[in-house]
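[1] the sequence and its predicted three-dimensional model are supplied below.
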Amino acid sequence: MRFVLIGVLLAASACGDAVDRNIEDQITIQQGVYGLLVSGCDTSGCQDQPAAGETVLVYAPGNSHVLSTVTSDSKGVYQVDLEGGDYTLCTYSCTLISVPAASKVRADWTSGPGGGYWDTMQ
């Protein structure tokens, strides 16, 4: 019976999220945008993983010129020092963000069914 219980506990822990979403202690910028890029899953038994080495492009609104480019670290974390204002962030899709003066905005990307999605928090 003990071995069955241990097996069930190990299987349950393997199905959990493999991504540490608590990243605030890794952020060094004082103003701008930061976030977590995640390779999401849509199949049984699959675990979300950090999307390391992925590129995030930053555009000023209405401008096709890239303002900034950043690559996520080994934990999927990215950060860009930006002045207050409106921007477009792009990886596999784009989202609009507003960075208040002297503030940081968190914008996470998760790939998955339907192409993925941005989740923006302030």
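    Alright, I've got the coordinates.

[2] going by C-alpha atoms from here, please, whenever you check contacts or count neighbours.
    Will do.

[3] buried stuff in stretch 27-45?
    Across stretch 27-45, burial judged by 16 or more other Cα atoms under 10 Å covers 31-41.

[4] quick one, phi psi at the most centrally placed residue in the chain?
    Nearest to the geometric centre of the chain sits residue 36, at 2.3 Å (Cα atoms, centre = their mean). According to degrees, to the nearest 10, the main-chain angles of residue 36 amount to phi -120, psi 130.

[5] look up the residues forming beta bridges with it.
    Beta-bridge partners for residue 36, by DSSP bridges, are residue 77.

[6] can you pull the contacts of it?
    Applying Cα atoms under 8 Å, 6 or more residues apart in numbering, we find residue 36 in contact with 21, 23, 50, 72, 76-78, 107-109.

[7] ditto for residue 39
    Residues in contact with residue 39 (Cα under 8 Å, 6+ apart) are 48-51, 110-112.

[8] just the ones of the residues you listed in strands?
    Among the contacts of residue 39, the members falling in strands are 49-50, 110 (criterion: DSSP state E).
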